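K.L.:
show me the folded form of this:
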Amino acid sequence: MTRGVKPEWKESEPVRSLLLLGDSREQIEKYWPNFDYNKINEDTFGSEEMRYELLSDLLANSQSATQLREILKMVSEWPKFTQEKYREPLSEPVVLVAAELARGKVVDKEPVVMDIVGYLFDYDSPDEVVTKVFQEILQISRRLAMKLALHMTRVDLISELLSVSVLSGLDFDDDIIDLIRRRELEYLFSGTVVETALKSAESQNLSAEGPTLLSRFGKLGSIATGFWGSKRK
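P.N.:
Numbers count the residues shown, from 1 in each chain. Have a look, this model is predicted:
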């Protein structure tokens, strides 16, 4: 799939439907060997209702990261869902995949989250869809939710996450630090995080732990250390 380009296929084109039928059945046979193939026929890809039913059935029968990733690949090749009921944020395929991921059956979640990010970019997904996906991912991991928000440059979601995560084990690994720098969002972390950490430490009489809390953000520069030092003088 070419990034940023969605197939513009007319559902009446029987050749396209047959091609999709062949490709999709091949993927389903490989990754869902026990799936009922009678649910897929020549009419499936000419009908939004039948395509959506197929999507729902595949999600209900997915137990692995590989299967969820394959669903995103397949849907990215299908014609667009145009009916309003399928374009509501909660009905969007990528939101359904994120919700299935959040249910906990899949162990290796991060590769799926990164494919979800790619899907959101490919479809130029509206803010409300990104927000719904973020909310689902947040149920899994604050770190993964932060990565998604940083990739999408959603300052509102980043700020929301920071407001509740300073004392809650949000890990700033090298990937997140790199994303912060590439998105030029250091200002959010050098100010908001430090001030929130200070207020939390002071209000809970944790001043001795302040430097430890702020060491998580040391890779962002010397602002955190300097800020804490000035407060302790």
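K.L.:
residue ranges of each domain in this structure, please.
P.N.:
Domain segmentation of the chain under automatic domain parsing yields 1-140, 146-233.
K.L.:
worst average pLDDT in the ones you listed?
P.N.:
Among those, domain 146-233 has the lowest mean pLDDT, at a mean of 64.
K.L.:
how about the helices in this protein?
P.N.:
Applying DSSP state H to the chain gives helices spanning 14-31, 48-60, 65-77, 84-87, 93-102, 110-122, 127-138, 142-151, 155-165, 174-182, 186-187, 194-203, 210-215, 223-232.
K.L.:
so who does residue 188 touch?
P.N.:
Contact analysis of residue 188 by CB atoms under 8 Å, 6 or more residues apart in numbering lists 155, 158-159, 162, 180. C-betas here are computed from N, CA, C, even on glycine.
K.L.:
how about residue 145?
P.N.:
Neighbour list for residue 145: 134, 137-138, 157, 161 [criterion: CB under 8 Å, 6+ apart].
K.L.:
can you do 10 Å?
P.N.:
Counting by CB atoms under 10 Å, 6 or more residues apart in numbering, residue 145 makes contact with 113, 133-139, 157-158, 160-161, 165, 170.
K.L.:
cool, residue 56 as well?
P.N.:
Listed by CB under 10 Å, 6+ apart, the contact partners of residue 56 are 93, 96.
K.L.:
now the one 4 residues further on
P.N.:
Residue 60 is in contact with residue 100, counting by CB under 10 Å, 6+ apart.
K.L.:
distance of it from residue 35?
P.N.:
Here the criterion is CB to CB, to the nearest Å. By it, residue 60 lies 10 Å from residue 35.
K.L.:
and residue 155, how many neighbours?
P.N.:
Residues near residue 155, counting by other CB atoms under 10 Å, number 14.
K.L.:
typo on my end, it should be residue 189
P.N.:
22.
K.L.:
that one and residue 142: what is the separation?
P.N.:
Look at residue 189 and residue 142: by CB to CB, they are 14 Å apart.
K.L.:
on that earlier part again, could the helices of the chain go into TSV alongside distance to residue 41?
P.N.:
Shown next, in TSV, are the helices of the chain (distance: least, CB to CB, whole Å):
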stretch	distance to residue 41
helix 14-31	7
helix 48-60	8
helix 65-77	16
helix 84-87	20
helix 93-102	21
helix 110-122	26
helix 127-138	30
helix 142-151	36
helix 155-165	41
helix 174-182	43
helix 186-187	54
helix 194-203	56
helix 210-215	59
helix 223-232	60
